[in-house]
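> show me how the following folds:
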Amino acid sequence: MAYEFGDNPACIKRSRIITKLLIDEAKKVTESSPRVLAEDVDYAHQLLGWWMFVNRQADLLMRAYDSDFTVEAAGQMRSLIEHAYFMEWLAEHKTEGVWALEAAEFDRRKKLIENLERIKWEIPDDIVVGEGPVFDFPDAAAEARHVTLKGQASIVANLVEARGLRNLYPVYRYLSSHSHASLQTGEAFVEREHGKQRALYATGKITVGANRVWIPVCLYLAGKAVSPLLVGDPMKRHLDKAAMDVGFGPLLSERMPV
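Sure thing, here's the model as predicted:
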């Protein structure tokens, strides 16, 4: 049976329960010393690291929401969504995805070092830019594909466009606005009415119900990226059940591969 997925009390309640179950199940799998096939190691290690990060972020978000830290948690929610979809991306592109991430990371580090040098910061001798990564592309098509994937690894807008997830980007941008010194972060705590004194609120004037229902979706995407790489696919049964219990299983099954 698939339940209704959305910002409704029943789904929010199920999301809270399923989120805890998925986090607890991930801990059990981690503690069981899961094994990865040798041919998958180069990209599986990155996925496993992200998986740990995603599960800890989800745990942090639930604790934040339970303690009435709502607006403040928006940046973490943005990061959770980004990591979950990047995990799905890397699980598809495998070694080519890792190469793209390495190239993008080199560019970021190079720019950081150049910025530090420009303002004449003292940089430790063991921190050097070095030469950029070199990859053994089998043909021109693979090299062209690398350029495309590097663009996706560098810019979230490119990633969501390439994967047919255009509806996701406005959500990402909205959450980003709560990660910066924007009007939204201040407006969340005040009531502006012309001619009246502004009222202050101890906690943000927003509901987190809709946010809660997306946490298990992110855990699902992250788990589905990792579990097939682990010997025995240990998370499969729990992930599939979670998708149906929260109600997003049918929605994800309708997604067309890009």
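> drop to CA atoms for contacts and neighbour counts, all remaining ones
OK.
> how near is the nearest residue to residue 200 once chain neighbours are set aside to residue 72?
Counting by CA to CA, 6 or more residues apart in numbering, residue 190 is the residue found nearest to residue 200 once chain neighbours are left out, at 4.7 Å. From residue 190 across to residue 72, the span is 15 Å (CA to CA, to the nearest Å).
> now do residue 231
Remark: distance between residue 231 and residue 72 (CA to CA) = 38 Å.
> who has more neighbours, the two?
Using other CA atoms under 10 Å as the criterion, residue 231 and residue 72 rank with residue 72 on top: 17 against 11.
> could you confirm that one falls within a strand?
No: read with DSSP: H, G, I helix; E, B strand; the rest coil, residue 72 is helix and lies in no strand.
> report whether the expected contact of it with residue 177 is present.
No: with contact defined as CA atoms under 8 Å, residue 72 does not reach residue 177; the gap is 11.2 Å.
> got the CA positions of the least confident helix or strand in the chain by mean pLDDT in PDB?
Using mean pLDDT, DSSP states H and E, helix 249-253 stands out as the lowest-scoring helix or strand of the chain, at a mean of 74. Written as PDB, here are the backbone C-alpha positions of helix 249-253 (Å, rounded to 0.1, in the frame of the first residue of the first chain):
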ATOM      1  CA  GLY A 249       7.700   5.400  -4.000                       C
ATOM      2  CA  PRO A 250       5.200   5.900  -7.000                       C
ATOM      3  CA  LEU A 251       6.600   9.400  -7.600                       C
ATOM      4  CA  LEU A 252      10.200   8.200  -7.900                       C
ATOM      5  CA  SER A 253       9.200   5.200 -10.100                       C
END
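> return the list of helices and strands in contact with that helix.
Packing contacts for helix 249-253, counted by 3 or more CA pairs under 8 Å, 6 or more residues apart in numbering; DSSP states H and E, involve helix 236-246.
> please name every helix or strand in contact with the helix it packs on.
For helix 236-246, the contact count by 3+ CA pairs under 8 Å, 6+ apart identifies helix 9-31, helix 209-226, helix 249-253 as packing neighbours.
> taking helix 9-31 as reference, get the angle to it.
170 degrees (axes from the mean of the first three to the mean of the last three CA atoms, to 10 degrees).
> please identify the buried residues of helix 236-246?
By neighbour count with 16 or more other CA atoms under 10 Å, helix 236-246 contains the buried residues 236, 238, 239, 242, 243, 244, 245, 246.
> tell me which residues touch residue 129, please.
Applying CA atoms under 8 Å, 6 or more residues apart in numbering, we find residue 129 in contact with 106, 109, 110, 113.
> rerun that using 7 Å as the cut-off
Going by CA atoms under 7 Å, 6 or more residues apart in numbering, residue 129 touches residue 110.
> for it, grab phi and psi.
Note on residue 129: backbone dihedrals following degrees, to the nearest 10 are phi -70, psi -50.
> and the closest residue in space to residue 239 that isn't next to it in sequence, how many neighbours does it have?
Excluding the flanking residues, the one nearest residue 239 by CA to CA, 6+ apart is residue 220, at 5.9 Å. Neighbour count of residue 220, defined by other CA under 10 Å: 24.
> how close does residue 220 sit to residue 103?
28 Å.
> before we move on, back to that, and of the helices and strands packed on helix 236-246, who's closest to residue 51?
For residue 51, the closest of the helices and strands packed on helix 236-246 is helix 209-226, at 6.0 Å, according to CA to CA.
> residue closest to the middle of this structure?
Computing the C-alpha centroid of the chain and ranking residues by CA atoms, centre = their mean puts residue 83 first, at 2.1 Å.
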